[in-house]
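In: Based on what follows, work out the 3D shape:
(2 chains)
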Amino acid sequence: MTVSMCAASSLPALAIEGLTKRFGAVTAIDSLTFSVARGSTTALLGGNGAGKTTTLSIILGLLLPTVGTVTVLGEDMARHRFRVLGRMNFSSPYIDLPKRLSAKENLTVYGHLYGIEHVRDRVAELARDLDMGAFLHRPLGSLSSGQATRVALAKALLNEPELLLLDEPTASLDPDTGDWVRSYLESYRHRVGTTILLASHNMGEVERLCDRVLMMRAGTIVDDGAPAELLRRYGRQNMEEVFLDVARQRRDGTLPGAAE
Amino acid sequence: MTAAASGSAGRRIGAIILRHAYVMRRSWPRLLELAYWPLMQMLMWGFITTFFLQHSSWVAQAASVLISAVLLWDVMFRSNLGFAIPFVEEMYARNLGQLFVSPLRPHEFVVALMTMSLLRTVIGVLPAALLAFPFYGVSVFELGPPLIAFFVNLLVMGWWLGLIASGIVLRNGLGAESLIWLGVFLLAPVSGIYYPITTLPHWLQPVALALPSAHVFEGMRAVLFESRFDVSHFAWAVGLNIVYLGAATGFFLFMFHLARRQGLLLQQGE
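Out: The predicted structure is shown next:
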């Protein structure tokens, strides 16, 4: 199908339709349907086991859904994922890069995997942007969490992805490093216009970075809106309180356990 | 954008080779280990051969038979390890998830592992092959052009064994890692490495002849004892390798599909 540039840019960066994943008798996500507008930053917010990582894994093609479709940048991931994998990228503290390789070697390998034209220049540029000069030649296994997170982020930005998926991008970071990463992501998004979908249970991060929040619980989306809108809807002062309301199944004063 | 719309398969395969070359370059014990065992095997069997030469007229007909067999067997052994070890390293490094969210295709990954296997086999076996001459006056290169045919067939057999073992490890986790070694050693007795297939019990001979390795070692003995290249054994080895390599590739890709269905690409690691 030929799509004009204008029409293509009006398509959502990501469209998910009826996505369900079952592991035997366990339903990890159940009939998810949502789309993510181009250039936006959207959060999947939910507690442990809410289905955030499962959703990201299916979008990335690492996990096959039981039912449902994922369309990334206009391409059906079930049939044409290799057309778009080079236009998206991913970072997670739970999926490592080889620890025996230095930061520079890791980025060089992934630069080639993503077909970057001038790998050396791109790695040098990212090393400068992410302030990695001091540890660029050290094995990844010898780096601190903050340094390793920067390398993982650099890997995720190598190809200047049109869609960037981040799974808990500041997990296990101290507040200072976490703040640095969030600032970098904010400025990067404004500079490049990347669409970001991040899974997190860090409320401050979500409030600061995201235009929109998809609240997840037990594999389903239970609420959806801009942070300010959700605060108003739940009558709360901050996203942490909203999160607790959702996690404990409260809304508009409904008691825990009450049906929504 | 700095990324090409779709980088070439050659670059992606090269990237995986580069990833493992970095590891090898960084660790000289790894390089040493590659050559160590073939060298030890060659030395041990070399001295046994020297003993036999003085006491057996059968072996005296072809002084290099045992040493050649040892070196060729090591080609298959190293080829299998050369494929499976880099694969298992990716699992230990919990790197499979990162690799397969990149544009790397599973078949490109397999080709990269095959290339790594070739490199590791050459690095491992070549020093032993070269040192056999000053130690025992035996040169495996005297096999001539058939040596290439034997080498390629055993290399390919190591690949498909590595594919099967890697597929099982991918599906069952690193607890199944020992299968990598187990598979090769299981086939050793029926491959006729040091003795003709006719030495085996009758019922076992068809099993042996269903293995490319048995045809390679029969072919090797034909060259060393009768100074002729047995085209029939060569053809059987090639044919069987094509069938098994195709089946093993299908098996690995099926295991990869199962891994995607069950989320195993995310969960692997120590």
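In: which intervals of the stretch 101-250 of chain B have sub-threshold pLDDT?
Out: With pLDDT under 70 as the threshold, the stretch 101-250 of chain B has no low-confidence stretch at all.
In: how much space is there between the closest residue to chain A within chain B and A:G111?
Out: Among the residues of chain B, B:G7 lies closest to chain A, at 2.0 Å counting by Cβ to the nearest Cβ. Heads up, the C-betas are built off the backbone N, CA and C, glycines and all. Going from B:G7 to A:G111 by Cβ to Cβ, to the nearest Å gives 10 Å.
In: Neighbour count: the two, which is higher?
Out: With neighbours defined as other Cβ atoms under 10 Å in any protein chain shown, B:G7 and A:G111 compare such that A:G111 has more, 26 against 22.
In: wait, is the more buried one part of a helix?
Out: Yes - looking at A:G111 with DSSP: H, G, I helix; E, B strand; the rest coil, it is inside a helix.
In: What distance do you get for the closest residue to it other than its chain neighbours to A:L164?
Out: Ranked by Cβ to Cβ, 6 or more residues apart in numbering or on different chains and with sequence neighbours excluded, the top spatial neighbour of A:G111 is A:V119, at 3.6 Å. When distance is defined by Cβ to Cβ, A:V119 is 19 Å away from A:L164.
In: what does B:V110 give?
Out: Using Cβ to Cβ, one gets 29 Å for the distance from B:V110 to A:L164.
In: Compare these two (neighbour count), which wins?
Out: Neighbours of B:V110 and A:L164, each counted by other Cβ under 10 Å, are more numerous for A:L164; the result is 26 against 23.
In: ok, A:T41 touching A:S200?
Out: No - using Cβ atoms under 8 Å, A:T41 is not in contact with A:S200; the gap is 11.0 Å.
In: Using neighbour counts, pick out the buried residues of the helix or strand containing B:L72.
Out: Secondary-structure assignment from DSSP states H and E places B:L72 in helix B:65-92. For helix B:65-92, the buried set under the neighbour-count rule, 16 or more other Cβ atoms under 10 Å in any protein chain shown, comprises B:65-92.
In: Would you mind confirming that A:L60 is in contact with A:L165?
Out: Yes - A:L60 is within contact range of A:L165, at 6.3 Å (criterion: Cβ under 8 Å).
In: List the residues that are in contact with both of the two.
Out: When contacts are counted by Cβ atoms under 8 Å, 6 or more residues apart in numbering or on different chains, A:L60 and A:L165 have A:88, A:90 as shared neighbours.
In: per-residue confidence at the residue of chain B closest to chain A?
Out: Reported pLDDT at B:G7 in the predicted model: 75.
In: so it sits in a helix?
Out: No - B:G7 is assigned coil when assessed by three-state DSSP, not a helix.
In: State the distance from it to A:L158.
Out: In this structure, B:G7 and A:L158 are separated by 12 Å, where distance is defined by Cβ to Cβ.
In: Quick check: neighbours shared by these two?
Out: With Cβ under 8 Å, 6+ apart as the test, B:G7 and A:L158 both reach A:114, A:116.
In: Tally up the residues packed near the residue lying closest to B:A15 once chain neighbours are set aside, please.
Out: Excluding the flanking residues, the one nearest B:A15 by Cβ to Cβ, 6+ apart is A:H112, at 3.5 Å. Number of residues near A:H112 (other Cβ under 10 Å) recorded here: 25.
In: same question, B:L18
Out: For B:L18, the count of nearby residues is 17 (other Cβ under 10 Å).
In: for the one 10 residues further on, same thing?
Out: Other residues within reach of B:W28, judged by other Cβ under 10 Å, total 9.
In: Find me the pLDDT at it, would you?
Out: Predicted confidence (pLDDT) for B:W28: 71.
In: Now do it against B:A21, distance only.
Out: The spacing between B:W28 and B:A21, counted by Cβ to Cβ, is 14 Å.
In: hey, where'd the helices end up in the stretch 51-200 of chain B?
Out: For the stretch 51-200 of chain B, the helices defined by DSSP state H, counting those that start in this stretch occupy B:57-60, B:65-92, B:96-99, B:106-136, B:146-172, B:179-187.
In: The longest one vs chain A: in contact?
Out: Looking back up the chat, that one is helix B:106-136. No - Helix B:106-136 stays clear of chain A (Cβ under 8 Å from any Cβ of the partner chain), getting no nearer than 9.4 Å.
In: Find the nearest non-adjacent residue to the residue in the stretch 1-150 of chain A positioned nearest to chain B, please.
Out: Nearest residue of the stretch 1-150 of chain A to chain B: A:G115, at 2.0 Å (Cβ to the nearest Cβ). Taking Cβ to Cβ, 6+ apart as the measure, A:G115 lies nearest to B:G7, with 2.0 Å between them; neighbours along the chain are not counted.
In: count of residues packed around A:D211?
Out: Quick note: A:D211 (other Cβ under 10 Å) scores 14 neighbours.
In: How far does stretch A:169-185 sit from its chain's centre?
Out: Once both centres are worked out by Cα atoms, centre = their mean, to the nearest Å, stretch A:169-185 turns out to sit 14 Å from its chain's centre.
In: er, stretch A:232-245 I mean
Out: Mean-position distance between stretch A:232-245 and its chain equals 22 Å (Cα atoms, centre = their mean).
In: same question, stretch B:249-263
Out: Average the C-alpha atoms of stretch B:249-263, do the same for its chain, and the two points are 22 Å apart (Cα atoms, centre = their mean).
In: Just the CA coordinates for it, please, in PDB.
Out: The C-alpha atoms that make up stretch B:249-263 are tabulated as PDB, following Å, rounded to 0.1, in the frame of the first residue of the first chain:
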ATOM      1  CA  THR B 249      17.400 -25.200  10.900                       C
ATOM      2  CA  GLY B 250      13.600 -25.800  10.800                       C
ATOM      3  CA  PHE B 251      13.800 -27.200  14.400                       C
ATOM      4  CA  PHE B 252      15.800 -24.200  15.600                       C
ATOM      5  CA  LEU B 253      13.400 -21.700  14.000                       C
ATOM      6  CA  PHE B 254      10.400 -23.600  15.500                       C
ATOM      7  CA  MET B 255      12.000 -23.400  18.900                       C
ATOM      8  CA  PHE B 256      12.600 -19.700  18.300                       C
ATOM      9  CA  HIS B 257       8.900 -19.300  17.500                       C
ATOM     10  CA  LEU B 258       8.000 -21.200  20.700                       C
ATOM     11  CA  ALA B 259      10.300 -18.900  22.600                       C
ATOM     12  CA  ARG B 260       8.500 -15.900  21.200                       C
ATOM     13  CA  ARG B 261       5.100 -17.400  22.100                       C
ATOM     14  CA  GLN B 262       6.200 -18.200  25.700                       C
ATOM     15  CA  GLY B 263       8.200 -15.100  26.400                       C
END
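In: Enumerate the residues of the stretch 151-260 of chain A near chain B.
Out: For the stretch 151-260 of chain A, the contact set with chain B under Cβ under 8 Å from any Cβ comprises A:155, A:158-160.
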